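> Just to be clear, the model below is a prediction. Sequence and coordinates:
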Amino acid sequence: MAVETIFALSSGRPPAAISVIRVSGPQAHSAAFSIGGDLPQARNAAVRELRHPGTGELLDEALVLRFDAPASSTGEDIVEFQCHGGRAVVDAVLGALASIDGLREAQPGEFTRRAFENGRIDLTEAEGLADLIEAETESQRKAALALAEGGLRKQIETWQERLLGLSARAERAIDYVDEDEGIASVELGNECQDLAAELRQWLERPRVEPLKDGVRVVVAGPPNAGKSSLINAIAGEERAIVTDLPGTTRDHIEVPLALDGIPILLTDTAGLREAEDKVEAIGVERASRLVEASDVLVWLGEDEMAPSHPRRIDVHAKSDIAALRLPGRIPVSAVTQEGIKDLLQAVAARAKSLLPGEGAVALNRRQASLIDEASRAVGAAGESGDPVLTAEDLRHARAAFDRLTGRAGVEDVLDALFGRFCLGK
């Protein structure tokens, strides 16, 4: 099937100072010529008058850039028009492109999908680009950029090279038997175990999900402990209802925050107690589940009631009216703001331990699942001792890496992934 030529606005919605309109595909250069006349040399920019190909009407005076396949972002011929960013100008240029036979407006993510299909990027880099577009904090941006720039792809290429060497030795052992077969088999098994151990180390790294979805910080304790007041004080607005009546909070309330560049999902919960009211009992049950699933727990209750949690922060709430200061607790007052800064610093310190280091490659669930699959297969290859079984296990590992990079078996994830991109990307 013939490849279509696509176009779209690739910058933000007008009005703006400058708008970038991108054209990609086999007709990109001819379409641009029909609108802007002679094109500049590849990777050079030139100012051109843009005219409607049918009427000759002047549309705008714009900067035109030309890129030749395969050395372009999509791997196809590309032309970009950097025109004035008014709505009427953008609509006129897009309308002129739509009038040319063989051109159509791009679907969301279609430029990036073509880059993937043409081998300019692999699936992990495409996932990084999607994360980069959605990044809202500095930590999210750095993690996404590490992936988009090929950090994981380069590591996978190293693993694949080692895996191919191990597979070649296993296949050779099937066909050729020599006096040193036993020694060679042990060496092969040891190298397989070494690779499996390295893959497992990567699986132990902090994942990207807390960075993308937010570190879940749950504020918990008995009724009237000051949880909702603390949530409101941190959020800077009345997000939770505060009364003197026990059991006011029936369901959890989530407040998204950015703390030192870290995405935080601050969660208020129902007071933990033996509830008599059926609705409150449901809230207490949900609160208990949220405490168990929390990444960081801010506890406002007594020590003997405190749940066991690896990242618990004990708070002495209502410090403005409670004279007794308990050791090991952060005194906090939602009224005077005492201790709020100290509490947030403690939350940030514990949250950072769950996040990847600055600029480090962090795996998402799909990537971790396939690396785990490869690790198990390589580990089994190292334990089998039979060259036939070893070769088969190593083939399974190679197949997992192919799905990881998008070389095979990923059609089910492509539509969902590229659908996350905006129009023109």
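Yep, that arrived.

> In the protein, what residue spans correspond to helices?
Along the chain, counting by DSSP state H, helices occupy 28-36, 87-98, 110-117, 123-134, 138-148, 151-175, 181-203, 209-213, 227-235, 278-293, 340-352, 365-384, 387-405, 411-418.

> so where's the stretch 1-150 of the chain shaky on pLDDT?
1 (pLDDT under 70).

> what distance separates the start and the end of stretch 220-234?
Criterion Cα to Cα, to the nearest Å; first-to-last residue distance in stretch 220-234 is 15 Å.

> what about it, average pLDDT?
Summarised as a single mean, pLDDT over stretch 220-234 is 83.

> how near is the residue most central in space within the chain to residue 28?
Taking Cα atoms, centre = their mean, the centroid of the chain lies closest to residue 131, which sits 4.0 Å from it. Counting by Cβ to Cβ, to the nearest Å, the gap from residue 131 to residue 28 is 28 Å. Quick note: C-beta positions are derived from backbone N, CA and C, even for glycine.

> next one: residue 387
52 Å.

> again, but for residue 258
Distance from residue 258 to residue 28, by Cβ to Cβ: 40 Å.

> Between those two, which has more neighbouring residues?
residue 28 (27 against 14; other Cβ atoms under 10 Å).

> need the contact list for the more buried one.
5, 76, 77, 78, 79 (Cβ atoms under 8 Å, 6 or more residues apart in numbering).

> Nearest residue to it in space, ignoring adjacent ones along the chain?
Nearest non-adjacent residue to residue 28, counting by Cβ to Cβ, 6 or more residues apart in numbering: residue 77, 4.3 Å away.

> Could you check how many residues crowd around the one you found?
Neighbours of residue 77 (other Cβ under 10 Å): 23.

> follow-up on the earlier one: so what's the residue nearest to the centre of the chain closest to, chain neighbours aside?
residue 144 (3.7 Å).

> And residue 139, by the same measure?
Closest to residue 139 by Cβ to Cβ, 6+ apart is residue 261, at 4.9 Å.

> what residues are up against that neighbour?
So residue 261 contacts 137, 138, 139 (Cβ under 8 Å, 6+ apart).

> now the stretch 251-400 of the chain, which segments are flagged as low pLDDT?
Residue ranges of the stretch 251-400 of the chain with pLDDT under 70: 251-252, 271-284, 322-326.

> returning to what we had before: what's the residue nearest to residue 139 sitting at in phi/psi?
Main-chain torsions, residue 261, degrees, to the nearest 10: phi 80, psi 0.

> Roughly how far does it sit from residue 343?
Here the criterion is Cβ to Cβ. By it, residue 261 lies 18 Å from residue 343.

> do residue 54 as well
Counting by Cβ to Cβ, the gap from residue 54 to residue 343 is 66 Å.

> And residue 74, by the same measure?
Residue 74 sits 49 Å away from residue 343, going by Cβ to Cβ.

> got it, and residue 140?
Separation of residue 140 from residue 343 (Cβ to Cβ): 23 Å.
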